[in-house]
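In: build me a model from this:
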Amino acid sequence: ILIAWRNVQKSKIYSAINIVGLSTGMAVALLIGLWIWDEVSFDDYFRNKRTIARIMATQTFNGETSTHPTTVVPLENELRTKYSSDIKRLTLISKRTNILAVGEKRISSSGMWAGPDITDMLTLNISKGSGASFSDPSTMLLSRSMAKTLFADEDPIGQIVKIDNSAELKVGGVYEDLPKNTSFYGQHYLLPWFNKLNWWNTQTDAWSNHGCELIVQLHDHTDIEKTSAKIKMITQDHGYVQSNELLMLHPMDSWHLYSKFENGQQAGGRIQYVLLFGTIGFFVLLLACINFMNLSTARSEKRAKEVGIRKTIGSGRLELVVQFLSESIVMSFLATFAAVVLVHSSLPFFNRLSGKAMTMPWNNPVFWLFTIGFMLMVSLVAGSYPAFYLSSFKPTRVLKGHILTGRFAAIPRKVLVVLQFTVSIILIIGTIVVYRQVKFAKSRPVGYQRDHLIIIRMNTPEIYAHYDALRTDLIASGGAIEMGESNSSPTEIFSNNSGMDWPGRPADLEQARSEHA
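Out: Coordinates of the predicted model:
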């Protein structure tokens, strides 16, 4: 190793070029590796991840099949009373934006309406108060950041929060903010369904109005496929046959990566991006290794006499191979160190670009095992060919100035150069295609002017009561051309209802479906 270090120092420019090239490739591969790690570990924060699932409904309207996670209210009671041998806990949830008010302070934020089982299902980390308090219909839970925003340094437990300027709830507990790589990130409060009792009572037998999500926690040894088969026909058994609805359980460990469905079957999702970026990371690292090999073998003339002299004085080929591999390991170590520094310094920018909140896992032994293994693998891949190539020189020919020993001796280097350029061209073409696709997606017509459309959420009774006056004043002032009322934005669908009929409905229109928030 000491001799290898001296050889690296002896050729400073060559070593710097090689280390920079290798470290850049390794940094890209490490960044992609961290991103993939974040993707595949999505929802690992929840200890019950392996036993949690959500109900998915597959419906067919006029020959078109769609699968979505919204379901009907009466399904919760049906599963709770008739399938308790399979299902341990369950709750309906609805992610909404509400206005939380404490005194004169008003905050618009995202949260969930949920049942009391939610705290045990998601194993929330309660830092103040008690998660069990959520079983009280007059109690709510706040995230740590929301509690800080509303109450500053005061103790929030027992304090009153007004929701949408109507219901008043007391704070029963504070839970740690959920990480960004979870399905419930950004849900800063939990509200009990009891405060929606009037609406709830109208839905107890509404088997066609899909307006909530239903998540369940199975018993530890329950077979999810068998349970999914049991509940498949529940809505049709209750008379809702218009859309041939079929139910299924979608496990939590598939929510993020396998969220796409076609004809009622899983058809990929973000896993395709994981595979794509994993492939890109592999080829970028391969290019860096090939570049390392080519630079090493390009110096063959300078190292040839050294090899010839060392063989003449008795050095064996194995000894030379070990020596050249040692140099490769030293340079790979320096490149790995530089790559880790580069990744650490570029993570903030990468997080903004990817929408992540990743950090360097310094305290994770798996990260260090992976990094060391990664370094050794690169050392062997990048250093093996130069080591065996340089150590194969025959001393008698080398000392006479004849380095290449056969007509095919230069073929491996030529193959590596061709491969390097081929991979580079493929990556460049792929980058251009992706750029043009993204540009098209951003500029394609969507049916309305996005730059001139403003959405105001009607979260309070005051806005509802004075909507007509607000609309009249805005249009009269010239601040708005037109204004309309809707349950959702043009790009959001929260719930759907079907089985509607009216006089004059065309006979070939099998079903009518309404989608709204």
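In: which stretches of the stretch 351-500 of the chain form strands?
Out: Using DSSP state E, counting those that start in this stretch, the strands assigned to the stretch 351-500 of the chain run over residues 495-498.
In: likewise for the stretch 1-150 of the chain?
Out: For the stretch 1-150 of the chain, the strands defined by DSSP E, counting those that start in this stretch occupy 52-61, 64-68, 70-71, 87-102, 105-114, 126-129, 139-143.
In: who does the last one pair with, and is each partner parallel or antiparallel?
Out: Which is strand 139-143. Strand 139-143 pairs in its sheet with strand 167-175 (parallel), strand 189-192 (antiparallel), by DSSP bridges.
In: ok so, going back, which among the strands of the stretch 1-150 of the chain is found nearest to residue 208?
Out: strand 52-61 (10.2 Å; Cβ to Cβ). All C-beta spots, glycine's among them, are computed from the backbone N, C-alpha and C.
In: if we can go back for a sec, residue 186: which of the strands of the stretch 1-150 of the chain is closest?
Out: Proximity to residue 186 (Cβ to Cβ) singles out strand 105-114 among the strands of the stretch 1-150 of the chain, at 5.3 Å.
In: list the pairing partners of the closest one within its sheet, with orientation.
Out: As assigned by DSSP bridges, strand 105-114 forms pairs with strand 87-102 (antiparallel), strand 189-192 (parallel).
In: outside of the last one, which residues touch it?
Out: Just to be clear, that refers to strand 189-192. Outside of strand 189-192, the residues within contact range by Cβ atoms under 8 Å, 6 or more residues apart in numbering are 98, 100, 109, 111-116, 118-119, 134, 136-143, 146, 163, 169.
In: will you turn the strands of the stretch 1-150 of the chain into JSON lines that also has mean pLDDT, mean neighbour count and distance to residue 423?
Out: Formatted as JSON lines, the strands of the stretch 1-150 of the chain follow (pLDDT from 0 to 100; neighbours: other Cβ atoms under 10 Å; distance: least, Cβ to Cβ, whole Å):
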{"stretch": "strand 52-61", "mean pLDDT": "90", "mean neighbour count": "22", "distance to residue 423": "40"}
{"stretch": "strand 64-68", "mean pLDDT": "86", "mean neighbour count": "15", "distance to residue 423": "38"}
{"stretch": "strand 70-71", "mean pLDDT": "86", "mean neighbour count": "22", "distance to residue 423": "45"}
{"stretch": "strand 87-102", "mean pLDDT": "92", "mean neighbour count": "19", "distance to residue 423": "43"}
{"stretch": "strand 105-114", "mean pLDDT": "92", "mean neighbour count": "18", "distance to residue 423": "44"}
{"stretch": "strand 126-129", "mean pLDDT": "93", "mean neighbour count": "17", "distance to residue 423": "50"}
{"stretch": "strand 139-143", "mean pLDDT": "95", "mean neighbour count": "25", "distance to residue 423": "46"}
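In: what is the neighbour count of residue 205?
Out: 10 (other Cβ atoms under 10 Å).
In: if we ignore the residues flanking it in sequence, what's nearest it?
Out: residue 74 (5.9 Å; Cβ to Cβ, 6 or more residues apart in numbering).
In: next one: that neighbour from residue 437, what distance?
Out: Residue 74 is 43 Å from residue 437, where distance means Cβ to Cβ, to the nearest Å.
In: the more surrounded of those two?
Out: Neighbour count, other Cβ under 10 Å: between residue 74 and residue 437, residue 74 has more, with 17 against 10.
In: and the more buried one, what does it touch?
Out: Counted by Cβ under 8 Å, 6+ apart, residue 74 has contacts 203, 204, 205, 206, 207, 238.
In: can you tell me the SS state at the fifth one?
Out: Spelled out, that is residue 207. Following DSSP: H, G, I helix; E, B strand; the rest coil, residue 207 is assigned to coil.
In: now the second one
Out: Reducing the assignment at residue 204 to three states with three-state DSSP gives coil.
In: re the thing from before, export the strands paired with strand 139-143 to TSV and tack on distance to residue 360?
Out: Formatted as TSV, these follow (distance: least, Cβ to Cβ, whole Å):
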stretch	distance to residue 360
strand 167-175	26
strand 189-192	31
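In: among those strands, which is the most enclosed?
Out: Greatest average neighbour count among the strands paired with strand 139-143 goes to strand 189-192 (a mean of 24), per mean count of other Cβ atoms under 10 Å.
In: chain center to that one, what's the gap?
Out: Distance of strand 189-192 from the chain centroid (Cα atoms, centre = their mean, to the nearest Å) equals 25 Å.
In: just use 48 as the starting number from now, easier for me
Out: Okay, residue one is now 48; in that scheme the one you just asked about reads as strand 236-239.
In: quick one: average pLDDT of it?
Out: With pLDDT averaged residue by residue, strand 236-239 scores 94.
In: now the helix ranked longest in the chain: buried residues?
Out: In the chain, with assignment by DSSP state H, the single longest helix is helix 364-401. Buried residues in helix 364-401, counted by 16 or more other Cβ atoms under 10 Å: 367-368, 370-383, 385-387, 389-390, 394, 398.
In: so what does it touch, helix or strand wise?
Out: Where contact means 3 or more Cβ pairs under 8 Å, 6 or more residues apart in numbering; DSSP states H and E, helix 364-401 is packed against helix 49-57, helix 59-87, helix 318-345, helix 347-359, helix 412-438.
In: to residue 522, which of these lies closest?
Out: The minimum distance between residue 522 and the helices and strands packed on helix 364-401 falls on helix 318-345, with 43.9 Å, by Cβ to Cβ.
In: quick one on the thing from earlier: between the strands paired with strand 152-161, which gets nearest to residue 468?
Out: Per Cβ to Cβ, nearest to residue 468 of the strands paired with strand 152-161: strand 134-149, 49.7 Å.
In: that closest one to strand 99-108, inter-axis angle?
Out: 90 degrees (axes from the mean of the first three to the mean of the last three Cα atoms, to 10 degrees).
In: still on that earlier bit, and the two most separated of the contacts of residue 121?
Out: Taking Cβ to Cβ, no two of the contacts of residue 121 sit farther apart than 250 and 285, at 13.3 Å.
In: which residue is the nearest non-sequential neighbour of residue 218?
Out: Closest to residue 218 by Cβ to Cβ, 6+ apart is residue 203, at 4.6 Å.
In: sorry, slip of the keys, the one I care about is residue 435.
Out: Of all residues not flanking residue 435 in the chain, residue 368 sits nearest, at 6.3 Å (Cβ to Cβ, 6+ apart).
In: any figure for the gap between that neighbour and residue 154?
Out: 67 Å.
In: for residue 109, same thing?
Out: For residue 109, the distance to residue 154 - Cβ to Cβ - is 43 Å.
In: okay if I get the strands paired with strand 152-161 as CSV plus distance to residue 222?
Out: Listed next are the strands paired with strand 152-161 as CSV, based on distance: least, Cβ to Cβ, whole Å:
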stretch, distance to residue 222
strand 134-149, 15
strand 236-239, 8
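In: closest to residue 280 out of these?
Out: strand 134-149 (16.8 Å).
In: my read: residue 168 touches residue 138, true?
Out: Yes. Contact criterion Cβ atoms under 8 Å: residue 168 and residue 138 qualify, at 6.8 Å.
In: okay, and the common contacts of the two?
Out: What both residue 168 and residue 138 touch, as defined by Cβ under 8 Å, 6+ apart, is the set residue 262.
In: mind listing what's buried in stretch 195-213?
Out: Across stretch 195-213, burial judged by 16+ other Cβ under 10 Å covers 196, 197, 198, 203, 204, 208, 209, 210, 211.
In: what's the end-to-end length of stretch 503-518?
Out: End-to-end span of stretch 503-518 (Cα to Cα, to the nearest Å): 12 Å.
In: contacts for that stretch, please.
Out: Residues contacting stretch 503-518 (Cβ under 8 Å, 6+ apart): 144, 145, 146, 155, 211, 212, 213, 530, 532.
In: hmm, 6 Å instead?
Out: Stretch 503-518 is contacted by residues 144, 145, 146, 211, 212, 530 when judged by Cβ atoms under 6 Å, 6 or more residues apart in numbering.
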